[in-house]
Structures are given as structure tokens and as C-alpha cells.
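Trainee: curious how this folds, go ahead:
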Amino acid sequence: MKKICLISSNLLPVPNVKGGAIETIITNILQEQEKQEKIELTVVSIFDEEAYKESQKYSKTRFIYIKKNFLYYIIGTIYNISNKLLKTNFNTYNTIVLNKIKKAKFDYIFAEGGHYESYNKFLKYFKKEQLVLHLHHFATSNSIIDSTFSKVVGVSKYVTDEFLKTSSIEKGYVLKNSIDLKKFDKKISETEYLELRNKYHISNNDFVIIYCGRLIKEKGVLELVKAVKKIKNNQIKLLIVGSINFANGGVSEYTEILEKEISSCHDKVILTGFIDNNELYKYYNIADVMVIPSIWDEAAGLVCVEGMISKKAIITTGTGGIKEYVGDNAVFVKNDNKLVNDIKEKILYLYNNPKILEKQVNKGYKEAFKYNNQIYYRNLVKLIEKMEESK
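Mentor: Numbering: from 1, shown residues only. Okay, here's the model as predicted:
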């Protein structure tokens with residue numbers, strides 16, 4: 001079996017007791033490692049007491065934890081001064097990680113986020129062919145990254161291709177993300193359905209559009225609100241699952257504009273505020289259509305997988321990697337100056353054509369099963385095999 005090391009960033013721990021998208025993906029790998037064990041796995045993470053206790057459940061993965069103790073911050077202070085004055089490229093977390101693993105024998109080391117340039121120091125103990133850049137977001141390269149990593153793995157073809165346009169790295173791969181489908185593929189009772197709708201003053205006859213995500217300009221939330229506002233039918237309502245005060249706990253200029261737009265049509269647009277991820281499935285249950293109106297290029301499209309497995313028809317711009325995740329199982333709107341009207345028309349199209357809506361729901365539901373954790377783990381193993389073949 002190949003020996004693989006996954007190095008998470010220094011922000012959140014693994015297992016994902018504090019949340020985090022990348023940390024959740026790695027935790028999904030841990031769970032499948034327990035069942036399938038096709039690789040020898042080591043995971044490096046920032047230390048957290050709760051995460052450490054949780055890690056004891058995983059007998060087929062080795063964990064290395066980095067504590068943010070007094071020494072960590074002393075080293076960090078020295079490195080910050082050096083980086084500013086001498087233009088060095090030190091990173092406290094990755095330096096300590098390297099010291100912990102430098103004598104280990106790995107076939108591949110995956111950088112799962114963090115300070116990519118500082119992995120250059122790893123070349124003292126590992127070959128370039130062993131270092132893999134795993135991109136969970138859009139990124140461009142530079143000379144240091146190019147000289148450090150031999151391979152890049154993106155969460156979508158879009159991410160990989162866009163990175164390679166700026167890089168001399170020759171080997172690019174795609175490993176699409178997954179979600180725990182069981183968290184969303186479940187129904188609530190009729191009583192709970194009615195209670196949740198009543199909580200937000202949604203009648204049983206209302207047709208509910210749901211948006212779930214950050215309330216930032218790039219996500220196209222304002223355009224969606226304007227689209228729903230233009231619809232004359234008062235039985236079509238928008239449920240926004242997210243906090244208006246997302247950015248740093250405060251109100252930005254954008255959220256002020258958004259809040260003002262919502263306040264002028266509060267009978268049609270409902271804000272839930274923050275909802276715990278474990279409770280999201282309940283909100284998907286009371287909706288009819290999910291809209292993903294992103295006006296920037298998304299790296300991937302996991303929220304649309306959540307929507308598809310929750311049996312929601314999807315309306316989306318399909319930007320970036322989204323289209324790779326939904327395939328043809330969505331109604332697409334053009335990301336241009338006619339976006340507001342296009343969203344409005346597509347909502348009305350599905351509202352007035354229940355048979356087409358049902359067809360979209362059924363197709364999307366089947367598509368979502370491509371993104372389960374078992375398949376993700378198997379695809380990771382296949383990816384490693386491909387890397388071996390290309391040596």
C-alpha cells in the first residue's frame with residue numbers, strides 16, 4: 001500500500017470538530033479509511049483537545065498534531081520579523097510539521113491548504129515528485145510553487161486548468177469533492193414541515209426558493225433578491241439561509257445594500273440567520289427550488305450536490321466548477337447584465353411547469369450519488385495509482 005500524508009492548514013483541526021470545508025473532506029477520508037484501508041494514511045493537523053479525543057476512534061490512520069504553545073508563537077514572531085526584513089519565506093506551522101515528518105517515508109505528501117510557498121523547505125528531505133498541491137479553491141502559481149510541487153490536483157477541471165495556465169507544472173489531475181449524502185437525503189415529518197414553514201410565515205401553498213451560503217457580492221444574492229422582488233406572484237417566496245452579518249461579525253457596505261433591498265420586500269424574502277450545518281436538511285425539505293446565482297467562478301459545487309440529494313430542482317449560473325458537478329441536471333441562467341430577469345423567468349418557468357420541475361428533481365437526485373464518500377475515497381486511490389503510472 002502507498003504511504004500518503006495529508007497536511008491540513010493551521011486554522012482548524014482534523015477530525016472536523018470545529019467545522020471547515022477542507023477539514024470535513026479529510027474527515028470523510030478518515031471514515032472511509034476505516035472501512036476500505038487501501039492506503040497507509042497519516043494526517044497532520046493543528047492540535048485541538050476535542051479533535052484529539054475524536055481521533056482515537058480512527059485506528060487505521062496515524063495522526064500528528066501541532067500545538068500552538070509558547071514556543072510556537074516565539075518561532076512565529078522570529079519568522080515574521082525575518083520574512084519582513086530579509087524577505088524570507090518561513091511559515092511556523094509548516095516548519096514544525098517538516099521537523100515532525102522529515103524522517104518518515106511517504107510516497108506522496110498532499111498540501112491541503114495553508115502557505116504553499118513554504119513547502120519549498122520540504123525539498124531538503126523529500127523529492128519534488130513526492131509533493132502534491134491539492135487545490136480546494138481557485139489559485140494561480142508562481143516560481144516558488146512551480147519549483148516545489150510536481151503535481152496539482154484540483155476539485156474541478158476548471159480549478160486545475162486555470163492553475164496550469166499560470167504554472168510550469170506539467171501534471172494536473174481532478175479529484176471532485178464529496179459530501180455525506182446521508183446528512184441531506186432524509187425527510188422531515190409532516191408536522192415538522194408545517195411547523196418550520198409556520199415559523200417563517202410560509203403557507204402550505206407557497207412555492208419556496210432557497211439560497212444557502214455566504215451573503216457576499218460574488219455569490220449573486222442581491223441579484224436573486226431583485227429577481228424574486230420582480231415576480232408579481234406573492235406565493236413565490238425566497239428563503240435565505242445565512243447571516244446578514246457574515247463578514248467579520250459586522251455589516252459591510254454590500255450587506256447594508258442587501259438588507260435594504262430585503263426590507264422593501266420582507267413579505268417575499270425571508271432571512272433565517274445562521275443555521276447549523278446539521279440542521280440544513282430541514283430547510284431544504286421545506287423548499288421547492290434551489291438557486292445558486294454565483295457571479296464569480298466557483299471552484300466546485302457542493303451546495304448544488306446538497307440540493308440535488310435533497311430533491312430540489314437547481315437554477316444556477318453554472319460558473320467555474322459548478323457545471324462539472326451538476327452536469328445537465330440544472331436550469332442555467334446567463335451570468336450577464338440580464339441575470340436578474342433571467343433568474344426571474346427561470347423561477348416562473350419551473351413554477352408553471354411542475355412536470356419539468358419533477359423531472360429535474362429526479363435527474364439531479366440520481367446525479368448526486370456520484371459524490372458520496374465511498375466513491376471519493378476510491379477515486380483518491382485511483383488518483384494515486386495514476387500518479388504512479390506517470391512516473
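
Trainee: please make it C-alpha for all contacts and neighbour counts, starting now.
Mentor: Fine.

Trainee: please report phi then psi for L12.
Mentor: The main-chain torsion angles of L12 are listed as degrees, to the nearest 10 and equal phi -130, psi 150.

Trainee: surely it is in contact with E23?
Mentor: Yes - counting by C-alpha atoms under 8 Å, a contact exists between L12 and E23, whose distance comes to 7.1 Å.

Trainee: residues in contact with stretch 268-276?
Mentor: Judged by C-alpha atoms under 8 Å, 6 or more residues apart in numbering, the contacts made with stretch 268-276 from elsewhere in the structure are 200, 225, 228-229, 234, 236-244, 262.

Trainee: so for that stretch, mean pLDDT?
Mentor: For stretch 268-276, the mean per-residue pLDDT is 91.

Trainee: what are the buried residues along it?
Mentor: By neighbour count on 16 or more other C-alpha atoms under 10 Å, the buried set for stretch 268-276 is K268, V269, I270, L271.

Trainee: what's around N233, how many residues?
Mentor: The local packing count at N233 equals 13, with neighbours defined by other C-alpha atoms under 10 Å.

Trainee: one step back: can you put the buried residues of stretch 268-276 in a markdown table and add secondary structure and distance to L135?
Mentor: Formatted as a markdown table, the entries for the buried residues of stretch 268-276 read as follows, by DSSP: H, G, I helix; E, B strand; the rest coil; distance: C-alpha to C-alpha, whole Å:
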| residue | secondary structure | distance to L135 |
| --- | --- | --- |
| K268 | coil | 38 |
| V269 | strand | 35 |
| I270 | strand | 35 |
| L271 | strand | 32 |
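
Trainee: could I get those residues as CSV with distance to E367?
Mentor: Supplementary listing: the buried residues of stretch 268-276 in CSV, determined by distance: C-alpha to C-alpha, whole Å:
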residue, distance to E367
K268, 31
V269, 30
I270, 29
L271, 29
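
Trainee: just these now: which is nearest F90?
Mentor: Within the set of the buried residues of stretch 268-276, L271 lies nearest F90; the separation is 43.3 Å, counting by C-alpha to C-alpha.

Trainee: okay, and the beta partners of the closest one?
Mentor: When bridges are taken as DSSP bridges, the partners of L271 come out as I240.

Trainee: and it, how far from G320?
Mentor: The spacing between L271 and G320, counted by C-alpha to C-alpha, to the nearest Å, is 27 Å.

Trainee: what about N329, which SS state?
Mentor: Put simply, N329 is coil when judged by DSSP: H, G, I helix; E, B strand; the rest coil.

Trainee: closest one of the buried residues of stretch 268-276 to N28?
Mentor: Comparing those against N28 with C-alpha to C-alpha picks out L271 as the nearest, at 30.6 Å.

Trainee: which of the contacts of stretch 268-276 sits closest to K127?
Mentor: Using C-alpha to C-alpha, G242 comes nearest to K127 of these, at 44.1 Å.

Trainee: contacting residues around the particular helix or strand that has K323 in it?
Mentor: Secondary structure assigned from DSSP states H and E places K323 in helix 322-326. Residues outside helix 322-326 that contact it (C-alpha under 8 Å, 6+ apart) are S156, K157, E298, A299, A300, G301, L302, C304, V305, G364, E367.

Trainee: pLDDT-wise, what's the bottom of those residues?
Mentor: Across the contacts of helix 322-326, the smallest pLDDT goes to G301, namely 84.

Trainee: how close does that one get to G307?
Mentor: Using C-alpha to C-alpha, we find G301 at a distance of 10 Å from G307.

Trainee: ok, now E32?
Mentor: Taken as C-alpha to C-alpha, the span from E32 to G307 is 23 Å.

Trainee: which one's more surrounded, these two?
Mentor: Each of E32 and G307 has its neighbours counted (other C-alpha under 10 Å); G307 has more, 30 against 19.

Trainee: now do the contacts for that one.
Mentor: G307 is in contact with Y284, M290, A313, I314, counting by C-alpha under 8 Å, 6+ apart.

Trainee: among those residues, name the ones in strands.
Mentor: With strands taken from DSSP state E, the overlap with the contacts of G307 comprises M290, A313, I314.

Trainee: contact partners for the first one?
Mentor: Under the criterion of C-alpha under 8 Å, 6+ apart, the neighbours of M290 are I209, I210, Y211, C304, G307, K312, A313, I314, I315.

Trainee: helix, strand, or coil at the second one?
Mentor: For I210, the secondary structure call by three-state DSSP comes out as strand.

Trainee: hmm, it is touching G242, no?
Mentor: No - the criterion here is C-alpha under 8 Å, and I210 misses it with G242 at 10.6 Å.

Trainee: between these two, which has more neighbouring residues?
Mentor: Neighbours around I210 and G242, counted as other C-alpha under 10 Å, are more numerous at I210. The numbers are 24 against 18.

Trainee: tell me the pLDDT of the more buried one.
Mentor: Reading off the per-residue confidence, I210 sits at a pLDDT of 98.

Trainee: and A51, by the same measure?
Mentor: The predicted structure scores A51 at 97 on the pLDDT scale.

Trainee: against H266, how distant is K260?
Mentor: From K260 over to H266 the distance is 10 Å, taken as C-alpha to C-alpha.

Trainee: who has more neighbours, the two?
Mentor: When K260 and H266 are compared on other C-alpha under 10 Å, the one with more neighbours turns out to be H266, at 15 against 12.
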